[in-house]
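[1] Okay, here's the prediction I keep looking at, along with the sequence it came from:
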Amino acid sequence: MTEKKKTTIVLFSGDYDKAMAAYIIANGAAAYDHEVTIFHTFWGLNALRKDADIQVKKGFMEKMFGRMMPKGADKMGLSKMNFAGFGPKMIKNVIKKHNAMPLPDLIEMAREQDIKLVACTMTMDLLGLQKEELLDNIEYAGVAAYLGDAEDGNVNLFI
Amino acid sequence: MTEKKKTTIVLFSGDYDKAMAAYIIANGAAAYDHEVTIFHTFWGLNALRKDADIQVKKGFMEKMFGRMMPKGADKMGLSKMNFAGFGPKMIKNVIKKHNAMPLPDLIEMAREQDIKLVACTMTMDLLGLQKEELLDNIEYAGVAAYLGDAEDGNVNLFI
Amino acid sequence: MTEKKKTTIVLFSGDYDKAMAAYIIANGAAAYDHEVTIFHTFWGLNALRKDADIQVKKGFMEKMFGRMMPKGADKMGLSKMNFAGFGPKMIKNVIKKHNAMPLPDLIEMAREQDIKLVACTMTMDLLGLQKEELLDNIEYAGVAAYLGDAEDGNVNLFI
C-alpha cells in the first residue's frame, strides 16, 4: 500500500480561466505523484459536458438550463473581461502563442494522468444534466465521497 | 477529549449557489462527525441576515450598504445566470422538484447539527451590519479565531 | 530548524475585496508565526502591479490586456456591487472611517512581515505582464513551487 499525498479540488466555477487554474494545479500535483481528484459541482459540471448536441428527455426547466449553459470546456466564458466571448478568444490566442495548453487539452492530460474526474450527482439532478451528456469514463458521486477524499488530503481547494 | 476531524469554511461569497455549496459540504461534514465552522465574512454575512427590517441607528454609508445587500439567505442572487432574479427562482423551483433543500433550510439544519456559525466582526463593521440584524445565537469573532480553527483543520475551504 | 505552521494562499481573483480577504488572512497567519506564501496567478497578478505607467515592449494582445487590467491594488474593482467604480470608493471610505487598512497598506504590511509574495510566471506570460511592471523584491515561480509549499501546509486557500 502506497501512502501518496492527496490533492482534492472542488470545481464549482464554470469559468474558463478558473477551470484552467484547477486543471493546471491538478496536472501539476499528479506529476508530483499526488493522488488527485476533481469534484465537479454546479457550473463546474459544464467542463465535463460533451461538445455535441445529445438528445435526452428533459423537463422544461432542465431544457432551459441545458440550453443556457456552455456545452463543454471550449465554450466556457471568462470570470473577468469576458466581453461577450471576446475575452476567451484573446486568452485562447495567447495560449496558442505561448505554447500553453487550452482547457480541453488540460482535461485530456488529466485523464491520461489518471486524475479522478467526478461529477456531483446532486447538482446534476438540479441542473438537469444526464450521464449521456457528460464525458465517458468519469465517476459519479455525492458530497460523502468528496469528504472521504478531502478529509485526509494535503491540498484541498474550492475553485 | 475527543479528537474529531475538523472542517472550516470561510464563506466570503454572497451568492445563493455558492452559499448552498458551503452549507451542503458543512452539513455533510457534520454528519460524518467533523467539528465544523463556517466563518462568514464580507458578502457571506448576508446569509446570516434576518429577513425582517430591523431598526438600528446607522451612518449614511452603512444605510446604503444595508439597503443594497440582500436581507437574508432567501434573497441572495446566483453567481451565474442570475438574470435579475429569475435564475434564483429557477434554482428554487428545481430544488423543490427534486426534494432538495433550499438555503434557509440548509442553514437551519446546520444549526441543528451544532455547526459553529461565526460572523466576522471586522467586516460587520465595514459593511455597517449590527448584531441585531443577524440571526440569534451565532458567534462573533475575528481572523485570529478563524486561524485557530483552521490551522489544525482537515478540510479548509474559501468559498 | 524550526517547524513552523504554514499558510499558502493562491490569489487568483483580481477583485479588491477578495484580495483584501487574502491579505488579511495572510497577515493574521504571519502574526501567529505561520510561514506564509501568497501565490498570485491570473487576475491576482494585478495586485502586484506598479501604479506607474511602465514602458516595456509588448505584442498587440499583451498591450490590450495590459491596458484593460487595473494597474495595481488601488485600482481594482469589487466582486459585488462594483457600480462602475463607485463600490470601491464606498469601501475605501468605510475602511478609512473604521481605521481599517486599505489594500495597498495590507500588501505593505505583508512585505514587512516577510510574507512570500510570488508571481506565477506562466500566467504572467499569458497576460503579457513583465517583471518591470510588478513590485520589486517579489519572487517568481510556477505551479511546482506552489505545490511544494502547499503540500505540507496547514491552511491552503484558493481565493
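    Sure, I can see it.
[2] Would you point out which residue is most central in chain A?
    The centre of chain A sits closest to residue A:47, judged by CA atoms, centre = their mean, with a distance of 4.1 Å.
[3] Distance-wise, check that one relative to residue A:122.
    17 Å (CB to CB, to the nearest Å). Bear in mind the C-beta positions are built from the backbone N, C-alpha and C, glycine included.
[4] Kindly report the same for residue A:41.
    Taken as CB to CB, the span from residue A:41 to residue A:122 is 8 Å.
[5] who in chain A is up against chain C?
    A:5, A:7, A:17-18, A:21, A:24-25, A:28-29, A:32, A:34, A:79-81, A:90-91, A:93-95, A:97-98, A:100, A:154-159 (CB under 8 Å from any CB of the partner chain).
[6] Filter those down to just the buried residues.
    When neighbours are counted using 16 or more other CB atoms under 10 Å in any protein chain shown, the residues of chain A next to chain C contain these buried positions: A:5, A:7, A:17-18, A:21, A:24-25, A:28-29, A:32, A:34, A:79-81, A:90-91, A:94-95, A:100, A:154-159.
[7] and these, which of them are in helices?
    A:17-18, A:21, A:24-25, A:28-29, A:90-91, A:94-95 (DSSP state H).
[8] out of those residues, who's nearest chain B?
    Distance to chain B across those (CB to the nearest CB) is lowest for residue A:18, with 11.1 Å.
[9] what separates stretch A:151-159 from the chain centre, distance-wise?
    16 Å (CA atoms, centre = their mean, to the nearest Å).
[10] Up against chain B, what does chain A have?
    Checking chain A against chain B by CB under 8 Å from any CB, the hits are A:10, A:12, A:14, A:41-43, A:59, A:61-62, A:64-65, A:68-69, A:122, A:125-128, A:143-144, A:146-147, A:150-153, A:156-158.
[11] Return a PyMOL selection command for the buried portion of those.
    Buried subset of those, written as a PyMOL selection, criterion 16+ other CB under 10 Å:
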select buried, chain A and resi 10+12+14+41+42+43+61+62+64+65+69+125+126+127+128+143+146+147+150+151+153+156+157+158
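[12] what bits of chain A have low per-residue confidence?
    For chain A, the stretches with pLDDT under 70 are A:1-2.
[13] quick one: the strands in it?
    Under the criterion DSSP state E, chain A contains strands at A:6-11, A:35-40, A:116-120, A:139-141, A:155-158.
[14] What is the nearest of the ones in helices among the buried ones among the residues of chain A next to chain C to residue B:55?
    residue A:18 (40.6 Å; CB to CB).
[15] From residue A:116, how far off is residue A:132?
    21 Å.
[16] which one of these two has more residues nearby?
    Counting neighbours by other CB atoms under 10 Å in any protein chain shown for residue A:132 and for residue A:116 shows that residue A:116 has the greater number, 18 against 10.
[17] Relative to residue A:94, how far out is the more buried one?
    From residue A:116 to residue A:94 the distance is 30 Å (CB to CB).
[18] Leaving out chain neighbours, which residue sits closest to residue A:117?
    residue A:138 (4.5 Å; CB to CB, 6 or more residues apart in numbering or on different chains).
[19] wait, that neighbour sits on residue A:48?
    Yes. The criterion here is CB atoms under 8 Å, and residue A:138 meets it with residue A:48 at 6.1 Å.
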